[in-house]
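> any chance you could fold what I've pasted below:
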Amino acid sequence: MATFEFTKKLKSSVCSINDGYFFTFSNELYYLSIAALDDTILNANSITQVEHNFNIDVDTDIIIIDSVTFTGTTAQDLYDSLETLFFLDEGGGGSDVSAHHGFFDYNDTSTSTSSISLLADVWANVPNDGLGTFTNLDYIPTGMTKLMDTSNGSLDFTELTLGSDVLIRIDFNVTPQTNNALLESRYVLGTGAGLYSLPIVSRRLDSGAGIPYSSEKGSFYIYMGDTNTLDNPGTLQVKLSTGGTLVNNGLAIKVYKR
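Reported below is the predicted structural model:
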């Protein structure tokens, strides 16, 4: 049977052990000792701010974390596997970058077969179902699961923390019914009396009517400066000065989680 034991500065502090070999860590201890010996968990302390589900198989020396399997027979094996989840840069720990940095890429299909009709001078919400071929959620920050409500395409910031921020690359096409139409886009944030909007694009589409114009992408910055922004959706809206249609390709969002 394997015993894993080492001392490093960890990210977080409350430990609860559930029945059997399943136990959950949450929230800053400086020591982790996981022992698998004679079918008994001897000691288990700490981990990250986000809970992780553990299972130790004492017969095969396998540790399963959030459905991902790690194997090894030494403390170094375990440390190498877990350092990005558990350890701070300081105190001899490994890199913590993945816990704070990452990106979400949501590719839309909902408008590719049925474009959105835009009425003249009326703001329209831009949907995103996240079902497109190029959706990429492989490099999101540790502990996060989503940054969008794919039922309506609004950004969902609730897995971030105050002080976090995001850079957003929009990617849609609009087709105006007349030449020289004015295209505007914005994010609507907050709620109630705290509702506010941040403009993104404002330009004339002067190359002709009936042809698609790109949103011209670019980066748009939003920060979590208060709970009004953090706890409420961020909705992308588009307006044309004339009638037209819109096809959304998707959003790529760079995340800096504090």
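> hang on, S112 packs against T245?
No. If you go by CB atoms under 8 Å, S112 and T245 don't touch, sitting 11.9 Å apart. The C-beta positions use only the backbone N, C-alpha and C, and glycine is treated the same way.
> which parts of the host helix or strand of G102 are buried?
Assessed by DSSP states H and E, G102 sits inside strand 101-107. Of the residues in strand 101-107, 102-107 count as buried by neighbour count, 16 or more other CB atoms under 10 Å.
> for those residues, which one is nearest S202?
Y106 (24.0 Å; CB to CB).
> that closest one and T135 touch, don't they?
Yes. At 5.7 Å, Y106 counts as touching T135 under the criterion of CB under 8 Å.
> skipping adjacent residues, who's closest to T245 in space?
Leaving aside its sequence neighbours, T245 sits nearest to S115 (CB to CB, 6 or more residues apart in numbering; 4.2 Å).
> how about the one you found, what does it touch?
With contact taken as CB atoms under 8 Å, 6 or more residues apart in numbering, S115 is in contact with 175, 245-247.
> report the separation between it and K257.
Applying CB to CB, to the nearest Å, the value for S115 to K257 is 34 Å.
> what does S219 give?
17 Å.
> which one's more surrounded, those two?
Taking other CB atoms under 10 Å, S219 and K257 do not tie; K257 has more neighbours (20 against 11).
> can you pull the pLDDT of that one?
The per-residue pLDDT reported for K257 equals 89.
> T229: what secondary structure?
Classification of T229 by DSSP: H, G, I helix; E, B strand; the rest coil places it in helix.
> wait, it sits on L198?
No. In this structure T229 lies outside contact range of L198 using CB under 8 Å: 10.2 Å.
> what about these two, which has more around it?
A count of neighbours by other CB under 10 Å puts T229 above the other of T229 and L198, at 21 against 12.
> what are the buried residues along stretch 122-141?
123-124, 126-130, 132, 135, 137, 140-141.
> quick one: mean pLDDT over it.
95.
> circling back: the residue nearest to T245 and L246, how far apart?
Counting by CB to CB - S115 and L246 are separated by 6 Å.
> for V201, same thing?
12 Å.
> quick one: which of those two has more around it?
It is L246, of V201 and L246, that has more neighbours when counted by other CB under 10 Å, with 22 against 17.
> got the contact list for that one?
With contact set as CB under 8 Å, 6+ apart, L246 has these partners: 111, 115-116, 118, 124, 126, 172-175, 238.
> ok so, going back, helix or strand right after the strand holding G102?
Past strand 101-107, the next helix or strand by DSSP H and E is strand 116-118.
> list the buried residues of that following strand.
116, 118.
> in its sheet, which strands sit next to that strand, and in what direction?
strand 244-256 (antiparallel) (DSSP bridges).
> orientation of the partner strand relative to strand 101-107 in degrees?
160 degrees (axes from the mean of the first three to the mean of the last three CA atoms, to 10 degrees).
> and strand 244-256, what's buried?
Buried-residue list, strand 244-256, by 16+ other CB under 10 Å: 244-256.
> got the contact list for stretch 182-197?
123, 155, 168, 170, 174, 176, 198-205, 213, 215, 220, 222, 228-229, 232-241.
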